[in-house]
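Undergrad: sequence first, predicted model second:
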Amino acid sequence: MSLRNKPEKNDTTFWDQRRGVIRSQKGGWVINEAIHNHGYSMMDDLVGKVSFFQVFFLNIIGKLPAQRLAEWLEAYWICLSWPDARIWCNQVGSLAGSLRTSPVAAVSCGILASDSTRYGPGTTYAATKFIISALKKKKSGLPVGKIISEEQRGRSSSPKIMGYTRPIANGDERIPAMERVTQKLGFEIGEHLSLAYEIEEVLIKQSEEKMNIGGYRCAFLLDQGLTPMEIYRLLSPVVFAGVLACYTEAADSSPESFFPLRCDDINYQGVNSRSVPPPPN
Amino acid sequence: MRYQKQKKIVQKRDKKFTNRTVTRIWQEEPLPTNPYLAATCRCHGYDLLELTKKCSFVDVLFLLFQGELPDRNQADLLEKLMIALINPGPRHPATRASMNAAVGKAEPAHILPTGLTVLSGAHLGGEEVSAAMHFLRKQGKKNASAVADELLSQPHENHWEGDWHIAPGFGTRFGGIDPIPQKIINVLEKLPAAGKAIKWGNKFVTAITRQGMGWLDTGLAAAVLYDLGFHYRAGAGLFQLLRAPGILAHGLELANKPITAMPFLDEEHYVIAKQARKE
C-alpha cells in the first residue's frame, strides 16, 4: 500500500507513450525470423519438444514449467472434463448445441458460466486467498480450530470456507485420483496442502464436511510457487472439454430436443392477469 | 495422501431440488392442442399483445425488471439514459473488441457477445456499475464531501500508473475529467424522476473535482439505475444491454470490409521486449 501522488490534471503523457504502439513482454511474430515467446522460438524450441500444457503455462506464467507439473495440470484438466449435461456450465453447452450455435460460441459461453462462486475456476481466487491467510495465521501460532472458527459469519453458523464442501455431495472422488498423480510424479506435500489436510480433519470432526478438488488444487499449486491470480488465469478454461462433450451431443440431435420444457414445466408464481392501465391525462 | 485408504469417498447430499423452475416474471399458458406452445404470454400479469399495442419498449423493459410499469417520469429518465449510453464509441475497448471480431470475419452473430463480454469488467464495465450502485447505496446517506475527503485521505494500492477510480463510477479518464458523463448528468438531474443518487453523486463529484476527477459513464449509469429502483445486481447486465447498440453497429460497419480496414501494426510499432525474443 502506498499513497498515490495527486494526479496531474489532463497530463496525458502516460497514454501518449503508448499510442500507436504495442510493447510486449510476452512475444510475437517477426516474419522470416521467429515467433518469439518468452525467449523461445515457438517453431524451433517448443513445437514437438514440449507439451501443450508446458506452453500453456509458459504463456500465462512466463516460464516453462517442469514436464511433471504440466502432466499434473493435464491430469487435473481431466478431472474437470465430465461429459455430464446436468452440470451448469455443461448444460449451457447442451443448450447452445440445441440451438445450433457454433462450437466456439458454445465453449465460450460454457467457460463464462463456469466463472462461478460455487464451483469451477471462479472459486480459485477465494480458495487460494483463504489458504494463504490460514497459513499465515498458523505460523503466527493460531490453532487450526481457531482459524476455522474465524470463517464463521455467526456464532451458530457453520464456517464457509472456499475449497471445502460441494453443492451436490460431500467428499470428492477427484482428490484420490489426483493424489495418485501427485505421488506418481514425485511431488512432496507442501505447507499449503499439508495445512489444507489439517483443516479438513478438523472440519470432518466438527461437521463431517470434506475438502473439494478446488481446495486441493489451490493448495497444491500454491506449493508450486504460483500466486492466486496466476492460478485463476491458469485454470480459467478448465471446463471446456466437458462443455464441448455436451454441446456435441446436443448439436448432433434434433434442434431444441435437449431437455425440452412444456409451458407447465415452469412454475409461475407472479401476479395474476391484469389489464394495462390507461395512460394518465 | 490421506484419501487413498478411504473406500466411500463421496456421500450424496440430501438436497431437495425443485422439480419446476419458479418465475414471477413471465407466464405462458399452453395451447390446448400442444403443451409446448404458448397460447398467451404475460409479463408480470400483462398480456404481451396488449403491451405491444399500448406500451413503449422502455415501459416494458422497466416492467420486466421491476414488476410494475413505470410512471411517465421514470420512463422518460430511463429512455434518456438509454440514449446517453447507446454508443461507447469506436475508441472504447468493448467496441474495439466487436470491431476486431468483425473485421477478422467472425460470425456476425458473435460480434455483439464479443463486445459485451469485454464490457463486463471491473474497470468501466458492468462489474463497476454494480459496484457503483452498491457504493451509492452504502454511502448515499452520509455527507458526500466527507466521504470524498475520507477516500482521498486513504492510502490505496497503486499497482500501475494511469487512471484512478477513487470509488466505483468516479475518477479520472485518460488523466482528466470525462466531460460527457457530467454533461449528461446536467441534463438528467433536471428531470422529475432524478433522485437522491444523482444529487448525491453530483455533490461527491464537486468534492473530487479539485483532484481532477469526475463522473465516469459507469457512475452515471449506476446513479440513474439506482434512482429508478433497479437492484445493484441488475446494474452490470443493464449497462451491457444499454451500450449494446453502438457496440454492434460499429462491429457491423466493419463486417464486410477487408482486414486492412483496421490497423495491423508493422514490426516497427510492435515492440517485443529483448527478454521475450529468442536471441
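TA: Sure thing, it's come through. Remember, it's a predicted structure, so these values are computed and weren't measured experimentally.
Undergrad: which parts of the stretch 51-200 of chain B sit against chain A?
TA: Residues of the stretch 51-200 of chain B lying close to chain A by CB under 8 Å from any CB of the partner chain are B:51, B:54-55, B:67, B:69, B:71-72, B:107, B:109-110, B:113, B:117, B:155-158, B:161-162, B:164, B:172, B:174-177. Glycine gets a C-beta too; all of them are placed from N, C-alpha and C.
Undergrad: number of nearby residues for residue A:201?
TA: Residues lying near residue A:201 (other CB atoms under 10 Å in any protein chain shown) number 13.
Undergrad: just to revisit the earlier point, just the buried members of the residues of the stretch 51-200 of chain B next to chain A?
TA: B:51, B:54-55, B:69, B:110, B:113, B:117, B:164, B:172, B:175-177 (16 or more other CB atoms under 10 Å in any protein chain shown).
Undergrad: between the residues you listed, which is closest to residue A:228?
TA: Closest approach between those and residue A:228, by CB to CB: residue B:117, at 22.6 Å.
Undergrad: that closest one against residue A:111, yeah?
TA: No: using CB atoms under 8 Å, residue B:117 is not in contact with residue A:111, being 10.5 Å away.
Undergrad: shaky segments in the stretch 51-200 of chain B?
TA: Residues of the stretch 51-200 of chain B that meet the criterion pLDDT under 70 lie in B:156-160.
Undergrad: all strands for it, in order.
TA: Under the criterion DSSP state E, counting those that start in this stretch, strands of the stretch 51-200 of chain B are mapped to B:170-171.
Undergrad: what does the stretch 151-281 of chain A put close to chain B?
TA: Residues of the stretch 151-281 of chain A lying near chain B (CB under 8 Å from any CB): A:167-173, A:175-176, A:179-180, A:182-183, A:189, A:197, A:260-277, A:279-280.
Undergrad: repeat that for the stretch 1-150 of chain A.
TA: So far as CB under 8 Å from any CB goes, the stretch 1-150 of chain A lies against chain B at A:1-4, A:6-12, A:14-15, A:20-28, A:30-31, A:34, A:36-41, A:44-45, A:101-102, A:104-105, A:108-109, A:112.
Undergrad: now list the buried members of those.
TA: The buried subset of the residues of the stretch 1-150 of chain A next to chain B (16+ other CB under 10 Å) comprises A:7, A:27-28, A:34, A:36-41, A:101, A:105, A:108-109.
Undergrad: among those residues, which one sits closest to residue A:138?
TA: residue A:38 (35.1 Å).
Undergrad: is it true that the closest one touches residue B:276?
TA: Yes: between residue A:38 and residue B:276 there is a contact at 5.7 Å, judged by CB under 8 Å.
Undergrad: and for the two, which residues touch both?
TA: Common contacts of residue A:38 and residue B:276 (CB atoms under 8 Å, 6 or more residues apart in numbering or on different chains): A:26-27.
Undergrad: residue boundaries of the strands in chain A?
TA: Here chain A has its strands, by DSSP state E, at A:22-24, A:27-30, A:34-37, A:40-41, A:169-170, A:266-268.
Undergrad: weakest of the ones you listed by average pLDDT?
TA: Lowest mean pLDDT of the strands of chain A: strand A:169-170, a mean of 88.
Undergrad: neighbouring strands for that strand, and are they parallel or not?
TA: Paired with strand A:169-170 in the same sheet, following DSSP bridges, are strand B:11-12 (antiparallel).
Undergrad: helix, strand or coil for residue B:246?
TA: helix (DSSP: H, G, I helix; E, B strand; the rest coil).
Undergrad: how far away is it from residue B:101?
TA: Residue B:246 is 15 Å from residue B:101, where distance means CB to CB, to the nearest Å.
Undergrad: for the lowest-mean-pLDDT helix or strand in chain A, which outside residues touch it?
TA: Here the helix or strand of chain A ranked lowest by mean pLDDT, DSSP states H and E is strand A:169-170, holding a mean of 88. With contact meaning CB under 8 Å, 6+ apart, strand A:169-170 is reached by A:208-210, B:10-13.
Undergrad: tell me the domain ranges of the chain?
TA: If you meant another chain, say so; for now it's chain A. A:24-65, A:120-235 (automatic domain parsing).
Undergrad: actually it's chain B I care about, not the one you picked
TA: B:26-70, B:84-152+B:164-255.
Undergrad: of those domains, flag the one that's most buried.
TA: Ranked by mean neighbour count, the domains of chain B are led by domain B:84-152+B:164-255 with a mean of 20 (mean count of other CB atoms under 10 Å in any protein chain shown).
Undergrad: end-to-end on it?
TA: 25 Å (CA to CA, to the nearest Å).
Undergrad: how far out from the middle of the chain is it?
TA: Distance of domain B:84-152+B:164-255 from the chain centroid (CA atoms, centre = their mean, to the nearest Å) equals 7 Å.
Undergrad: hmm, back to that, greatest separation within the contacts of strand A:169-170: which pair is it?
TA: A:209 and B:12 (14.2 Å).
Undergrad: which residues are in contact with the nearest residue to residue B:199 once chain neighbours are set aside?
TA: Spatial nearest neighbour of residue B:199, excluding adjacent residues (CB to CB, 6 or more residues apart in numbering or on different chains): residue B:189 at 6.8 Å. For residue B:189, the contact set (CB under 8 Å, 6+ apart) comprises B:198-199, B:202.
Undergrad: what's the answer for residue B:249, then?
TA: residue B:87.
Undergrad: which element is encountered next along the chain beyond the one helix or strand it maps to?
TA: In the assignment (DSSP states H and E), residue B:249 maps to helix B:232-255. Per DSSP H and E, the first helix or strand lying C-terminal to helix B:232-255 is strand B:270-272.
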